[in-house]
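Engineer: Following is a predicted model, sequence given first.
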2 protein chains.
Amino acid sequence: MPVLVVGSVALDSVETPFGKVDNVIGGSGTFFSASASLLSPVQLVGVVGNDYPMDQLEPLRKRGVDMAGLEQVDGESFRWRGRYRHDLNSAETLETRLGVFSHFSPKIPAQFKNAPFVFLANIDPRLQLDVLKQVQKPALVACDTMNFWIESRRPDIIELIKHVDLITLNDGEARQLTDCSNLVKAARWIMDRGPKIVIIKKGEHGAFMFKDKSIFFAPAYPLEDVFDPTGAGDSFAGGFMGYLAQTGDLSDANLRRAVVVGSAMGSFAVEKFSAQRLLEITRADIDARVAEFRRLVAFEDEGAAS
Amino acid sequence: MPVLVVGSVALDSVETPFGKVDNVIGGSGTFFSASASLLSPVQLVGVVGNDYPMDQLEPLRKRGVDMAGLEQVDGESFRWRGRYRHDLNSAETLETRLGVFSHFSPKIPAQFKNAPFVFLANIDPRLQLDVLKQVQKPALVACDTMNFWIESRRPDIIELIKHVDLITLNDGEARQLTDCSNLVKAARWIMDRGPKIVIIKKGEHGAFMFKDKSIFFAPAYPLEDVFDPTGAGDSFAGGFMGYLAQTGDLSDANLRRAVVVGSAMGSFAVEKFSAQRLLEITRADIDARVAEFRRLVAFEDEGAAS
């Protein structure tokens, strides 16, 4: 089954302790698509300027990303320039130029409107709400957001979450949105306002999924070399939603597997710059990493081992 | 089998957003003993002043902590006063008075010298080395340390770790000791210098155990209310070593279970002030929490579920 994503398609310039790239493909919609398309067909809605190197999106198209919803308009593409210091924990934004993205008004092509899985990547919550008016009863709607919108558009986020099944956000954003420093309480605060499922991403410290009274935790994969953390969260979301779309199974057990697939995709994303690593790997690589996640957390019952 | 611990026995005064206590039992030896004694006999070596409220250690003695190695000498007991702010992530030390602890020279009673499991809690590494000269070929020797000793006694720590099987330290300490910001590399750096097993504790973010090429991760239990984080690391170590001493099994599978038992004990420790919660719980409570850890990380193979 296809998954529809609405998000940014950008050009990133990134510097890490391991190197530097200029104007490579980036943005939440791009990372999500590169990740999810390994698992299911993807329908991408976004906007780029007439300066965008469309040929660099060819590998995505070849892998099953339908770009009928990617508008190309006059003006400059969204550009982000950032730097990571030695600990790679937080990006320092050096420059953001929204370009044509500042007037983005998502138009969902008719053939995308009945997508069974919808991911509203991190854009203005008013636009996220607008997308929901254009689609027809998806099986699962998920959204992401960020600190900027929590500060500037809080009432719109509160309205948005009434209408989504799932929200992904990082620990800092969860605390900011709910004013609860404890993540269990923060998740409950959010669930009380709409979403049945809350995923709180803690970067290198893993991710929690809260659903009813159950809590699932998946660690981040302990990589020896994190090359460039850009896009890890969107790649996580792509793996998670792509796996659900592929299996069409929303059972608790399958949601847990989807979190692990998401964590695997996040771990691949950071191994190289841009979406490079995501575009190299195959389904077999994903399966192998999921098996490593299993070994990472496995402990047997007493007596079963030794 | 008994586990021998050499560490501090102190009086703590602690303030958290949830309350305040004065001169309650604390110290690495005390938390370790309160935790480990639920699982195996404990032999405690430490020192207190003649002002120490020995009756408050009675619950430990009743539970099987042999205090033949706890000297009481003239002078004031080790006192620590600290405060935790709202996020409970780091203690602010308001006052440290070492008292009789500043002249501590551990003397291992004859009947403790053949203890099969030895834990060198966080004290001067020169004293930790001295303890090793007094004991006879334990099955497993583990040590802890802290930033203060890494700064002031680095060569002694490097010497110490040549002689221990296992070291527990937190992520900040691991980075400080090894100058590697990546924890996988930090663990390998340490393993190259002696210990076969390295446990890196990340507080609310869980704990890694590194052994040969294998990595095990156990999350911290997601509590809704962390009341007082003091002693969580020593309670973890107590649960870990106590479980190994109880089972006498050093297989990989059992080491993994021991990490989970340690995590469970750390999660109990923070539910109340001082060692209060550790002294209330039973073996059944530990088993129930270990089962919750299993549910927290469990994900099944494809097709096995739904």
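Structural biologist: Ah, there it is.

Engineer: Would the helix or strand where residue A:82 lies count as contacting chain B?
Structural biologist: Secondary structure assignment for residue A:82, by DSSP states H and E: strand A:79-84. No - contact of strand A:79-84 with chain B (CB under 8 Å from any CB of the partner chain) is absent, the minimum separation being 11.6 Å. Heads up, the C-betas are built off the backbone N, CA and C, glycines and all.

Engineer: Skipping its backbone neighbours, what lies nearest the residue of the stretch 1-150 of chain A found nearest chain B in space?
Structural biologist: Relative to chain B, the nearest point of the stretch 1-150 of chain A is residue A:87 (5.3 Å; CB to the nearest CB). Of all residues not flanking residue A:87 in the chain, residue B:181 sits nearest, at 5.3 Å (CB to CB, 6 or more residues apart in numbering or on different chains).

Engineer: Secondary structure of that neighbour: a helix, I assume?
Structural biologist: No - counting by DSSP: H, G, I helix; E, B strand; the rest coil, residue B:181 falls outside a helix, being coil.

Engineer: Those residues of the stretch 51-200 of chain A touching chain B, which are they?
Structural biologist: Listed as neighbours of chain B in the stretch 51-200 of chain A under the rule CB under 8 Å from any CB: A:86-88, A:181-185.

Engineer: wouldn't the residue of the stretch 1-150 of chain A closest to chain B be in contact with residue B:183 here?
Structural biologist: No - with contact defined as CB atoms under 8 Å, residue A:87 does not count as touching residue B:183 (11.3 Å).

Engineer: Any idea which residue of the stretch 101-250 of chain A lies closest to chain B?
Structural biologist: At 4.1 Å from chain B, residue A:205 is the closest residue in the stretch 101-250 of chain A, using CB to the nearest CB.

Engineer: OK, contacts around that residue?
Structural biologist: A:171, A:219-220, B:202, B:205-206 (CB atoms under 8 Å, 6 or more residues apart in numbering or on different chains).

Engineer: what's the distance between it and residue B:219?
Structural biologist: Residue A:205 is 9 Å from residue B:219, where distance means CB to CB, to the nearest Å.

Engineer: ok, now residue A:52?
Structural biologist: As judged by CB to CB, residue A:52 and residue B:219 stand 41 Å apart.

Engineer: okay, and for chain A, where does confidence drop off?
Structural biologist: Filtered on pLDDT under 70, chain A yields the residue ranges A:302-306.

Engineer: could you pull out the helices for it?
Structural biologist: For chain A, the helices defined by DSSP state H occupy A:28-36, A:58-62, A:125-134, A:147-152, A:154-161, A:171-178, A:183-191, A:232-247, A:252-269, A:276-280, A:283-297.

Engineer: Roughly how far does the residue of the stretch 1-150 of chain A closest to chain B sit from residue B:200?
Structural biologist: Residue A:87 is 15 Å from residue B:200, by CB to CB.

Engineer: Among the two, which residue is more densely surrounded?
Structural biologist: Neighbours per residue, other CB atoms under 10 Å in any protein chain shown: of residue A:87 and residue B:200, the larger number sits with residue B:200, 25 against 12.

Engineer: so what's the more buried one bridging to?
Structural biologist: According to DSSP bridges, the residues that bridge with residue B:200 are residue B:169, residue B:208.

Engineer: In contact with it: list those residues for me.
Structural biologist: Contacts of residue B:200 by CB under 8 Å, 6+ apart are B:168-171, B:174, B:183, B:186-187, B:207-208, B:210.

Engineer: Over to residue A:91?
Structural biologist: Here residue A:91 is in contact with A:82-84, A:229-230 (criterion: CB under 8 Å, 6+ apart).

Engineer: Can you pick out the most distant pair from these?
Structural biologist: Spanning the widest gap among those are A:83 and A:229, at 11.5 Å by CB to CB.

Engineer: In terms of neighbours, single out the busier of these two.
Structural biologist: Counted by other CB under 10 Å, residue A:83 and residue A:229 do not tie: residue A:229 has more neighbours, with 20 against 14.

Engineer: That one against residue A:270, yeah?
Structural biologist: Yes - assessed by CB under 8 Å, residue A:229 is found in contact with residue A:270 at 5.1 Å.

Engineer: Could you count how many residues lie near residue A:264?
Structural biologist: Under the neighbour criterion other CB under 10 Å, residue A:264 is assigned a count of 27.

Engineer: excluding its backbone neighbours, what's nearest it?
Structural biologist: Per CB to CB, 6+ apart, closest to residue A:264 is residue A:289, 4.2 Å.

Engineer: Please apply the same query to residue A:210.
Structural biologist: Excluding its sequence neighbours, the residue lying closest to residue A:210 (CB to CB, 6+ apart) is residue A:187, at 3.8 Å.

Engineer: Quick check: that neighbour vs residue B:154, distance?
Structural biologist: Separation of residue A:187 from residue B:154 (CB to CB) stands at 42 Å.

Engineer: quick one: which of those two has more around it?
Structural biologist: A side-by-side neighbour count of residue A:187 and residue B:154, using other CB under 10 Å, places residue A:187 first with 26 against 13.

Engineer: I'd say that one and residue A:211 touch.
Structural biologist: No - counting by CB under 8 Å, residue A:211 is not a contact partner of residue A:187; they are 9.3 Å apart.

Engineer: so what sits against both of these two?
Structural biologist: Shared contacts of residue A:187 and residue A:211 (CB under 8 Å, 6+ apart): residue A:198.

Engineer: center of chain A, which residue is that?
Structural biologist: Among the residues of chain A, residue A:234 comes closest to the average C-alpha position under CA atoms, centre = their mean, at 2.3 Å.

Engineer: Just list the residues touching that residue, thanks.
Structural biologist: Contacts of residue A:234 were listed using CB under 8 Å, 6+ apart, and they are A:7, A:28-32, A:35, A:121-122, A:144.

Engineer: and the two most separated of those?
Structural biologist: Pairwise distances across those peak at 14.7 Å for A:35 and A:122 (criterion: CB to CB).

Engineer: These two: who's more crowded?
Structural biologist: residue A:35 (34 against 24).

Engineer: isn't the more buried one right up against residue A:245?
Structural biologist: No - the pair residue A:35 / residue A:245 is not scored as a contact, 11.9 Å apart, by CB under 8 Å.

Engineer: need the contact list for residue A:176.
Structural biologist: Contacts of residue A:176 (CB under 8 Å, 6+ apart): A:147, A:150-151.

Engineer: looking at those, which has the most residues close by?
Structural biologist: Taking other CB under 10 Å as the neighbour criterion, residue A:150 ranks highest of those with 19 neighbours.

Engineer: Might one say that that one is in contact with residue A:177?
Structural biologist: Yes - assessed by CB under 8 Å, residue A:150 is found in contact with residue A:177 at 5.1 Å.

Engineer: and for the two, which residues touch both?
Structural biologist: Jointly contacting residue A:150 and residue A:177 under the rule CB under 8 Å, 6+ apart are residue A:157.

Engineer: quick one: contacts for residue A:140?
Structural biologist: Per CB under 8 Å, 6+ apart, neighbours of residue A:140: A:116-118, A:165-166, A:241, A:244, A:250.
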